[in-house]
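Chemist: give me a model of this one.
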Amino acid sequence: MDIPSIVGAIILLFAVSSESTSIEALLDPPMESKITQKRAVTRRNELVEFIEEKLVQQSQALEYIINIIKKNEGIMEKLVENLSKTMQQPKMPEKIESTRRSFNDTNIVEEDTDKKLNRWCSIGLLCVGSNESVCGYDENYGYGKFDDICHMVRVNCYWKYDFSMVPSCEPTV
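Modeler: Reported below is the predicted structural model:
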């Protein structure tokens with residue numbers, strides 16, 4: 001027996017032993033399943049490439065936005081610093097004496113040797129007055145009465161205090 005007849009006999013034997021498979025299916029395997037598999041793999045690869053491309057584009061866009069924000073932040077800091085230098089000197093708040101703590105009559109105003117921008121300045125520059133007096137407290141100054149909240153913020157900016165608003169001008173015991 002030659003090799004092609006042996007192969008043919010094996011295929012025939014296999015086809016007879018398998019009830020669900022026909023001889024035509026063994027001799028001529030369906031090409032549709034291989035094509036369908038190739039299409040599915042191709043579509044999956046195209047989808048993965050598409051998603052990767054979009055992710056790269058999104059990352060580049062975010063990086064661009066972050067760079068713009070950093071530039072704007074630097075510009076805003078310089079603008080606030082320049083504007084705060086031109087801020088008019090606000091009057092000091094009306095001092096409210098505390099019976100519990102003893103303060104000197106002299107105001108403690110520290111000259112800012114550090115050129116770091118005070119966090120209150122950006123708020124003080126944009127604040128619009130309300131003509132409603134408020135009271136504030138600072139560890140160095142004590143209790144003070146202000147014309148309005150903007151006055152308090154501007155004092156914090158200009159004189160480098162850290163007044164916080166308190167509900168009452170009367171110190172609690």
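Chemist: what about the strands in the protein?
Modeler: 94-96, 134-138, 142-146, 164-166 (DSSP state E).
Chemist: how about the nearest residue to E139, chain neighbours excluded?
Modeler: With CB to CB, 6 or more residues apart in numbering as the criterion, E139 has its nearest non-adjacent residue at 7.3 Å, and that residue is D162. All C-beta spots, glycine's among them, are computed from the backbone N, C-alpha and C.
Chemist: nope, S168 is what I meant
Modeler: Per CB to CB, 6+ apart, closest to S168 is C135, 6.6 Å.
Chemist: contact partners for the one you found?
Modeler: Counting by CB atoms under 8 Å, 6 or more residues apart in numbering, C135 touches I96, Y143, G144, K145, F146, M165, V166, P167, S168, C169.
Chemist: any idea what the third one is bridged to?
Modeler: Which is G144. According to DSSP bridges, the partner residues bridging G144 are K95, G136.
Chemist: picking up where we left off before, model confidence at the residue nearest to S168, what's the number?
Modeler: On the pLDDT scale, C135 is placed at 94.
Chemist: any idea how far it is from I149?
Modeler: 11 Å (CB to CB, to the nearest Å).
Chemist: if we can go back for a sec, count of residues packed around the residue nearest to E139?
Modeler: For D162, the neighbour count with other CB atoms under 10 Å is 14.
Chemist: contact partners for it?
Modeler: For D162, counting by CB under 8 Å, 6+ apart, the contacting residues are D138, E139, N156.
Chemist: quick check: closest non-adjacent residue to N131.
Modeler: D148 (5.9 Å).
Chemist: my guess is that neighbour contacts S133. True?
Modeler: Yes: assessed by CB atoms under 8 Å, D148 is found in contact with S133 at 6.6 Å.
Chemist: one step back: mind listing what the residue nearest to N131 touches?
Modeler: G129, S130, N131, E132, S133, V134.
Chemist: what is the burial count for I149?
Modeler: Around I149 there are 18 residues (other CB under 10 Å).
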